[in-house]
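Peer 1: dropping a prediction and its sequence here:
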Amino acid sequence: MYPKWGWGTNDAVQVLSMLRRFSSVTCLNGHVHQLFTKTEGNITFHSAAPTCYPFPKPGHGPASTPQVLPAGRLKDALGIRTVNYRQGSHALAVKDEKLA
């Protein structure tokens, strides 16, 4: 996701190159304290929604540190993401819910 902040693994390039032979790959990421969906070629990444303090978007700020949000806005930044697959369907069902 963003190696400068430690959001990656040493073998990420190798693993991604192995996955490129498939027509469609979905990677589910957690523990990054932000909600995102990103597609690179045939690989789509979905993160889990944060259930505690959010981090800034990668590259926005010097490090992955908790964001200070305006009073009353924390509940808007927290939630749960559910990703479901139904056999025979090509699309995933992605559902986002706020915690509050």
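Peer 2: On my side now, so go ahead.
Peer 1: hey, which helix is longest across the chain?
Peer 2: Longest helix of the chain, by residue count under DSSP state H: helix 12-19.
Peer 1: show me what the lowest-mean-pLDDT helix or strand in the chain is packed against.
Peer 2: Scoring the helices and strands of the chain by mean pLDDT, DSSP states H and E places helix 74-77 at the bottom, with a mean of 84. In terms of contacts (3 or more Cβ pairs under 8 Å, 6 or more residues apart in numbering; DSSP states H and E), helix 74-77 is not packed against any helix or strand. For the C-beta atoms, the positions are set from N, CA and C on the backbone; glycine is no exception.
Peer 1: which positions in that helix come out as buried?
Peer 2: Residues 74, 77 are the ones in helix 74-77 that count as buried (16 or more other Cβ atoms under 10 Å).
Peer 1: name whatever forms a beta bridge with residue 2.
Peer 2: Beta bridges link residue 2 to residue 7 when assigned by DSSP bridges.
Peer 1: all strands of the protein, in order?
Peer 2: For the chain, the strands defined by DSSP state E occupy 25-29, 37-40, 43-47, 79-84, 93-98.
Peer 1: check the gap between residue 12 and residue 1 for me.
Peer 2: 9 Å (Cβ to Cβ, to the nearest Å).
Peer 1: and stretch 81-95, what's buried?
Peer 2: Those would be 81, 92, for stretch 81-95 by 16+ other Cβ under 10 Å.
Peer 1: can you give me the end-to-end span of that stretch?
Peer 2: End-to-end distance of stretch 81-95: 6 Å, with Cα to Cα, to the nearest Å as the criterion.
Peer 1: many thanks, I have nothing further to ask.
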